[in-house]
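Peer 1: based on what follows, work out the 3D shape:
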Amino acid sequence: MIKENKIIYLASDHAGFELKEKIKMYLDSIKATYKDFGPYNLDKQDDYPDFIIPAAKKVSQDKNSLGIIIGGSGQGEAITANKLKGIRAVVLYSYNQDIIKLSKEHNNSNVLSLGARFLNDKEAIKAVSLWLKTPFSEEERHKRRLKKIEDFEK
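Peer 2: Modelled structure (predicted):
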């Protein structure tokens, strides 16, 4: 499904905690390598940047990694992750096969941000599965566009 040497960094907030735990079970079932940045228990007062920033930082430092972050809508989590150089976080709060595939094929997204309040467990797992196995197209036009973003980040 995914390259054996890829590690997946996970993080959520209280609203995404239960879904994160279910995604971990799915990742275990496919024998994926992952590291959970928390939270490790449900605390309705937690703040998503405390967990998202360390996970996104790891993805930004390790070009051979991916991130899955989860919150109520996934919006704040993606905004936070996208503050880090090299992160291309996309938000998914409704299962749409075309959007998921395009996020990887055209944009080479390296972080998937899920809106736990808008996806059921089955849709979320299906989305993660498709996102993990969809490769970047390597088309020149998409490489050119991503290079422009990379240059801007410098």
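
Peer 1: so where's the chain shaky on pLDDT?
Peer 2: Counting by pLDDT under 70, the chain contains low-confidence residues at 1-5.

Peer 1: correct me if wrong: Val91 contacts Ser113.
Peer 2: Yes: Val91 is in contact with Ser113 according to CB atoms under 8 Å; the separation is 4.8 Å. Yep, even glycine has a C-beta here, placed from its N, CA and C like the rest.

Peer 1: hmm, who's touching the strand or helix carrying Trp131?
Peer 2: Element membership of Trp131, judged by DSSP states H and E, is helix 121-133. Here helix 121-133 makes contact (CB atoms under 8 Å, 6 or more residues apart in numbering) with 1-2, 8, 19, 22-23, 26, 30, 32, 66, 68, 92, 94-95, 97, 100-101, 103-104, 109, 112, 114, 116, 119.

Peer 1: show me what counts as buried in it.
Peer 2: 123-132 (16 or more other CB atoms under 10 Å).

Peer 1: pretty sure Leu27 sits against Tyr34.
Peer 2: Yes: with contact defined as CB under 8 Å, Leu27 reaches Tyr34; the gap is 5.1 Å.

Peer 1: which one of those two has more residues nearby?
Peer 2: Ranked by neighbour count (other CB atoms under 10 Å), Leu27 and Tyr34 place Leu27 first, with 21 against 18.

Peer 1: for the more buried one, give me phi and psi.
Peer 2: phi -60, psi -40 (degrees, to the nearest 10).

Peer 1: okay, it and Lys58: tell me how far apart.
Peer 2: As judged by CB to CB, to the nearest Å, Leu27 and Lys58 stand 16 Å apart.

Peer 1: just to revisit the earlier point, of all the buried residues of helix 121-133, which comes closest to Glu150?
Peer 2: Trp131 (21.2 Å; CB to CB).

Peer 1: what separates that closest one from Lys147, distance-wise?
Peer 2: Trp131 sits 23 Å away from Lys147, going by CB to CB.
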